[in-house]
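# can you look at this prediction? I've put the sequence above it.
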Amino acid sequence: MSTPLETLFTTVRSENRAALIAYIPAGFPTQEGCKKVIQAFVDGGVDAIEIGFPYSDPVMDGPTIQAAADRALSQGTGAKEVFEALKHATDLGVPAVVMTYWNPIEKYGVEKFAQAISDNGGSGVITPDLTIEESAAWTAAVAQSEINSIYVVAPSTKDARLSSVTDHCSGFVYAASLMGVTGTRTSVSSGAPDLVARIRKSTDTAVAVGLGVSTREQAKGVAGYADGVIVGSAFINKLLESEDEASGLIAVRELAEQLSQGVREGR
């Protein structure tokens, strides 16, 4: 049985375009505000949604996402709120995944966490700090719950290791376009196309590129060679910079519309 995420990538491939994947931490800007952001994503044409599990000591997140996570944590966001945000997205008919560091999964219970993803309609989990060598329990839990296991591949990943990592991936492979933390940039790393090409040699699984995309033109560029374009910090910046929630939601929807057009112009 295919997850909604796998079905999405089959669909966008048949349409000869990339998918737009939008990221928001659960509980940001508020618990209810997060649900409104998810609705703005959908209204703006986002294809899939990535719900972040706010974490106090991130490895991969830059200052923008960390600021959002800090606000979410200060308002008591935990696993319950993450699953509520996930369900809100999937109830709107959009494929959704959770991105989380390993510690919250382990604390919650590995099998229980995977099953909660499935129970709330989620397609899978992105685990940026989990290595395949330490994945035995997670691999078993994912198989039991029939959800996707998504790992992050960086430009530094050697070819020999690349195939063993992608063998553990389903749904899509998360290609980090550069070495470093998340955040918007004036240009997406020139190494991203090469990384995607290397990944494609080892797997038929869809490849989505994250880290740095913030404009229609950047989305168009990445959509020319990747199956998915992941955008997070650019949306969060719109919310952080807005005078109030209402204007922030308008800005998020408008950016989603621009990026959605971009991924359709890439090929």
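In hand now; what should we look at?
# what is the burial count for Glu217?
Counted with other Cβ atoms under 10 Å, residues neighbouring Glu217 total 14. No exception for glycine: its C-beta is placed from N, CA and C like everyone else's.
# one more: Ser56?
Neighbour number of Ser56 under other Cβ under 10 Å is 10.
# before we move on, what SS does the closest residue to it other than its chain neighbours have?
Distance criterion Cβ to Cβ, 6 or more residues apart in numbering; nearest residue to Ser56, sequence neighbours excluded, is Leu73 at 6.2 Å. Classification of Leu73 using DSSP: H, G, I helix; E, B strand; the rest coil returns helix.
# who's in contact with the residue nearest the centre of the chain?
The centroid of the chain falls nearest to Glu50 when counting by Cα atoms, centre = their mean (3.9 Å). By Cβ atoms under 8 Å, 6 or more residues apart in numbering, the contact set of Glu50 is 21-24, 96-99, 126, 230, 232.
# whichever strand or helix holds it pairs with which strands, parallel or anti?
Assigned by DSSP states H and E, Glu50 belongs to strand 48-52. Within its sheet, strand 48-52 is paired with strand 19-25 (parallel), strand 96-99 (parallel), according to DSSP bridges.
# helix or strand right after the last one?
By that I understand strand 96-99. Sequence-wise, the next helix or strand downstream of strand 96-99 (DSSP H and E) is helix 102-108.
# and Gln115, its phi and psi?
Here is the backbone geometry of Gln115 (degrees, to the nearest 10): phi -70, psi -40.
# can you tell me the closest non-neighbouring residue to it?
With Cβ to Cβ, 6+ apart, the residue lying closest to Gln115 is Ser145, at 4.9 Å.
# Ile38 too?
Closest to Ile38 by Cβ to Cβ, 6+ apart is Ala89, at 5.0 Å.
# I figured that neighbour was touching Phe83, is that so?
No - shown here, Ala89 and Phe83 do not form a contact pair, counting by Cβ atoms under 8 Å, at 10.8 Å.
# of these two, who's got more company?
Neighbours were counted for Ala89 and for Phe83 using other Cβ under 10 Å; Ala89 has more, 28 against 22.
# how near is the more buried one to Val42?
Distance, Ala89 to Val42, using Cβ to Cβ, to the nearest Å: 8 Å.
# between those two, what contacts are shared?
The contact sets of Ala89 and Val42 overlap at Ile49 (Cβ under 8 Å, 6+ apart).
# in the host helix or strand of Thr64, what's buried?
Assigned by DSSP H and E, Thr64 belongs to helix 63-74. Buried residues in helix 63-74, counted by 16 or more other Cβ atoms under 10 Å: 64-69, 71-73.
# before we move on, what about stretch 145-165?
Judged by neighbour count using 16+ other Cβ under 10 Å, the buried positions of stretch 145-165 are 145, 147-154, 157, 162, 165.
# same question for stretch 169-179.
Buried residues in stretch 169-179, defined by neighbour count with 16+ other Cβ under 10 Å: 169-178.
# what's the closest of those residues to Leu259?
Relative to Leu259, the closest of those is Ser177; by Cβ to Cβ it sits at 15.4 Å.
# helices and strands of the protein: which one bottoms out on pLDDT?
The weakest-scoring helix or strand in the chain, judged by mean pLDDT, DSSP states H and E, is helix 63-74 (a mean of 79).
# which other helices and strands contact it?
Helix 63-74 is packed against strand 19-25, strand 48-52, helix 233-241, with contacts defined by 3 or more Cβ pairs under 8 Å, 6 or more residues apart in numbering; DSSP states H and E.
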